[in-house]
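Need coordinates for the below:
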Amino acid sequence: MKKVLSIFLCFAVILAVPACSSIPEEHKGAAVGAGVGAGAGAIAGGLIGDDIEGAVIGGLVGALVGGVIGHYAYDQRRTGEQTADYYDYDPARGAVLTIEDASAVPQTLRPGETVDLKMTYAVLNPVANTRTEITEMREITYNGQLVGRPEVRVTRTDGTYTSSVPLRLPSNAGRGLYIVRTTVRSQYGQDTLETGFTVL
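A predicted model of the protein is given here:
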């Protein structure tokens, strides 16, 4: 079942970063969405339900100043059992954390439009139903400079998950190629895959 959270925006100003509101109980399982306008780039999310805790943290600078980080959403594509079958998993191998796919949709867009930064990754542990703390990172670079780094911290049980962080570009976004380095990290290791999008 797809989990989506209503937008909660926190705008960073020079010396103050207001906190987002707490998330209602009906949004269990979804992480906090937040955005940064002009100015410096750190934001913080709030509490989210009792089964998963997480927040979108990060900022937009340089070519993306004035853009907005929107909803965070995820789907569980495979259960733990289905994922174990897919990978022919042997618990003796230890924990597995691997990115299957990373994409930016659409791959070409114009200033003011929205790109969804997606990743699909698998989590497996030798002990069934283990809850793993996961950090999802999306580092966005433009002309070799870091311009955004939305980060999501969640807790996952075994399975395969697809998550998405939409990014609405500012109206004056620089033209050219943006590289998105997607990373998932846990106490057991990490995996990274690159994708990108082009602003026309």
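
Quick check: residue 67 touching residue 171?
No - taking CB atoms under 8 Å as the definition, residue 67 is not a contact partner of residue 171, at 9.3 Å. Heads up, the C-betas are built off the backbone N, CA and C, glycines and all.

And the two? Which one has more around it.
Shown here are residue 67 and residue 171; by other CB atoms under 10 Å, residue 67 has more neighbours (27 against 11).

Just grab the bridge partners of residue 148 for me.
residue 60, residue 140 (DSSP bridges).

how close does it sit to residue 62?
Noted for residue 148: a distance of 9 Å to residue 62, by CB to CB, to the nearest Å.

and what of residue 137?
Distance, residue 137 to residue 62, by CB to CB: 18 Å.

one step back: more neighbours, residue 148 and residue 62?
Using other CB under 10 Å, the more surrounded residue of residue 148 and residue 62 is residue 148, with 26 against 15.

Per-residue pLDDT of the nearest residue to residue 122 once chain neighbours are set aside, please?
Counting by CB to CB, 6 or more residues apart in numbering, residue 122 lies nearest to residue 160, which is 4.6 Å off, once chain neighbours are set aside. Per-residue confidence (pLDDT) for residue 160: 96.

Begin at 10 from now on, thanks
Got it, the first residue is 10 from now on, which makes the last one we talked about residue 169.
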